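[1] here's my sequence, what's the structure:
(one chain, ligands or ions: 1)
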Amino acid sequence: MSRLLLRPISGCSLRTAIPRQLRALSSATKSNKVRIVEVGPRDGLQNEKTVIPVTTKIELVEKLAKTGLRDIEAGSFVSPKWVPQMAASNEILEYILKYPPQARDPIAYAFLAPNSKGLENALSILRSHPQAEGEGECPKPTVELSVFAAATESFTQKNLNCSIAESLKRFEPVIKAGKDEGLRVRAYISVVLGCPFEGYDVDPKKVAEIACDLMEMGADEIALGDTTGMGTAPRTSELLKAMKAAGMRSEDVAMHFHDTYGQALVNTAVSLENGIMSFDSSVGGLGGCPYSPGATGNVSTEDMVYFMETLGMTTGINLDAVVDVGEWITKEIGKSNASSVGKAILGRR
Ligand SMILES: CC(C)(COP(=O)([O-])OP(=O)([O-])OC[C@H]1O[C@@H](n2cnc3c(N)ncnc32)[C@H](O)[C@@H]1OP(=O)([O-])[O-])[C@@H](O)C(=O)NCCC(=O)NCCSC(=O)C[C@@](C)(O)CC(=O)[O-]
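    Next up, the predicted model:
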């Protein structure tokens, strides 16, 4: 890895600018198609203190849908007392079902649900709004559900007001009902590489054990959350080895890196080397978890797309279009654009 240098040649398109040695990493993987899950409308906005109008959130989803992204996490059916910013998620889901955003490819819109109440709120909307066909050539969108566990007791208490065991007991019927409804279900595990309350002392075997439990309950995918951004390359590698040793397949795992310590792309490279092909990111680097003090945003989608494409991976995402969305949303909510690639491209225009 350390021998791989990123030196795009000015004036060339990204694909032709990729130095040959950089292709080594992508050719080490089975396919060069990588899945990027945009979490900006949910993880990116949930921690904002000023109320963001639902019209802005919908506009964000619509703009993202036009960039080639095929997975967009659009909201969260959690208690509004716990996370007030996500209170209008019902309106976002209703809008998506009634007026599917214009998109070239089918898009999966994901919503978090921490318990049966969240699930029922989401399902009642899904049942009362039969999904409209996409307009014209636009394909029909799908809706997915995400539950969210954590690897430490302290974080689980702060985030879900219960123990790890209780949270898993709650998720079982949520996952089952989601699957019975024909929905794809993602299961997050937070603080897998560091906890704001318990520090670096997170056992990779415990993470793998929780992952296996969630898969046995019927989850389609495990998203490993480095909520605090405390992950490092060796510890990411150790975690993924523990997942493999527990029988988890790399195709069932997605990585969700926050960039608080600037290690997200290094950890992404380590994950690629371990066969992971699904990564979360947030436009403009928006984000932070309300129950992880000091945690900043996810790695930005702009940086992730640039990183992947310069490795010779295919994302299907129009980088320039994402850069525009990142600049628009950060201005709209009065934040500075946290994407290095976004700022660099804007600076060169
Ligand atoms: C799970 C609870 C509800 C337990 O919270 P609780 O207070 O123990 O719940 P409760 O069952 O006692 O209910 C309390 C009140 O909330 C209501 N309620 C209960 N459930 C819901 C619901 N689903 N939707 C709407 N309302 C709900 C319920 O009806 C009741 O209302 P009241 O009678 O007082 O008027 C709470 O802890 C909660 O909502 N937590 C969510 C916290 C959260 O959203 N955190 C951020 C997402 S996780 C994350 O960001 C990490 C991730 C995924 O990005 C990955 C990573 O980076 O690591």
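
[2] near the residue in the stretch 151-300 of the chain positioned nearest to the ligand, how many other residues are there?
    Nearest residue of the stretch 151-300 of the chain to the ligand: Gly225, at 2.4 Å (CB to the nearest ligand atom). Placement of C-beta: from N, CA and C, glycine included. Gly225 has 28 neighbouring residues, counting by other CB atoms under 10 Å.

[3] identify the bridge partners of it.
    Beta bridges link Gly225 to His256 when assigned by DSSP bridges.

[4] adjust the sequence numbering to begin at 574 for everything that follows.
    Sure, I'll start counting at 574 from here, so that last one is Gly798.

[5] ok, it touching Ala760?
    No: between Gly798 and Ala760 there is no contact under CB atoms under 8 Å: 10.6 Å.

[6] list residues touching both of these two?
    Common neighbours of Gly798 and Ala760 are listed as Phe721 (criterion: CB atoms under 8 Å, 6 or more residues apart in numbering).

[7] returning to that earlier point: the residue of the stretch 724-873 of the chain closest to the ligand: what's it in contact with?
    Contacts of Gly798 (CB under 8 Å, 6+ apart): Phe721, Tyr761, Ile762, Ser763, Val764, Val765, His829, His831.

[8] try it again at 6 Å.
    Going by CB atoms under 6 Å, 6 or more residues apart in numbering, Gly798 touches Tyr761, Ser763, His829.

[9] what does Lys636 give?
    Taking CB under 6 Å, 6+ apart, we find Lys636 in contact with Val898.

[10] work out for me the element it sits within.
    Here Lys636, judged by DSSP states H and E, is contained in helix 627-638.

[11] could you do Lys814 as well?
    Here Lys814, judged by DSSP H and E, is contained in helix 806-818.

[12] what's the answer for Pro673, then?
    Per DSSP H and E: Pro673 is located in neither a helix nor a strand.

[13] pretty sure it is in contact with Thr715, am I right?
    No: at 10.1 Å, Pro673 does not count as touching Thr715 under the criterion of CB atoms under 6 Å.

[14] the two: which is more packed in?
    A side-by-side neighbour count of Pro673 and Thr715, using other CB under 10 Å, places Pro673 first with 22 against 15.

[15] separation between the more buried one and the ligand?
    Using CB to the nearest ligand atom, to the nearest Å, Pro673 is found at 25 Å from the ligand.

[16] quick check: phi and psi at that residue.
    Pro673 adopts backbone torsions of phi -50, psi 130, taken as degrees, to the nearest 10.

[17] around the ligand, pick out the residues from the stretch 674-823 of the chain.
    Applying CB under 6 Å from any ligand atom, we find that the stretch 674-823 of the chain lies next to the ligand at 687-688, 690-691, 694, 721, 732-734, 761, 763, 798, 800.

[18] pLDDT added to the contacts of Gly798, as TSV?
    As requested, those are arranged in TSV below (pLDDT from 0 to 100):
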residue	pLDDT
Tyr761	98
Ser763	98
His829	98
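
[19] any idea how far the closest residue in space to Pro657 that isn't next to it in sequence is from the ligand?
    Using CB to CB, 6 or more residues apart in numbering and skipping residues adjacent in sequence, the residue nearest Pro657 is Val624, 7.6 Å away. Distance from Val624 to the ligand, counting by CB to the nearest ligand atom: 16 Å.

[20] tell me the SS of Val624?
    Look at Val624: counting by DSSP: H, G, I helix; E, B strand; the rest coil, its state is coil.

[21] ditto for Ile795
    Following three-state DSSP, Ile795 is assigned to strand.

[22] ok, it - contacts?
    By CB under 6 Å, 6+ apart, the residues touching Ile795 are Ala760, Ala784, Val826.

[23] what about those, which are in helices?
    Secondary structure from DSSP state H places Ala784 of the contacts of Ile795 in helices.

[24] tell me the pLDDT of Cys862.
    Cys862 is assigned a predicted lDDT (pLDDT) of 72.

[25] surely it meets Asp799?
    No: using CB under 6 Å, Cys862 makes no contact with Asp799, being 10.9 Å away.

[26] ok, the two, which is more surrounded?
    The neighbour count for Cys862 versus Asp799, taken as other CB under 10 Å, is higher for Asp799 (30 against 26).

[27] mind listing what the more buried one touches?
    For Asp799, the contact set (CB under 6 Å, 6+ apart) comprises Leu766, Phe830, His831.

[28] residues near the second one, how many?
    Using other CB under 10 Å, Phe830 is surrounded by 26 other residues.

[29] on the three-state scheme, the most centrally placed residue in the chain is what?
    Computing the C-alpha centroid of the chain and ranking residues by CA atoms, centre = their mean puts Asp853 first, at 3.2 Å. Secondary structure, three-state DSSP: Asp853 is strand.

[30] what packs against the top strand by length along the chain?
    Selection of the longest strand in the chain by residue count, based on DSSP state E, yields strand 715-723. Applying 3 or more CB pairs under 6 Å, 6 or more residues apart in numbering; DSSP states H and E, one finds that strand 715-723 makes contact with strand 681-685, helix 737-753, strand 757-763.

[31] now with 7 Å, please.
    Under the contact definition 3 or more CB pairs under 7 Å, 6 or more residues apart in numbering; DSSP states H and E, strand 715-723 sits against strand 681-685, helix 689-701, helix 737-753, strand 757-763.
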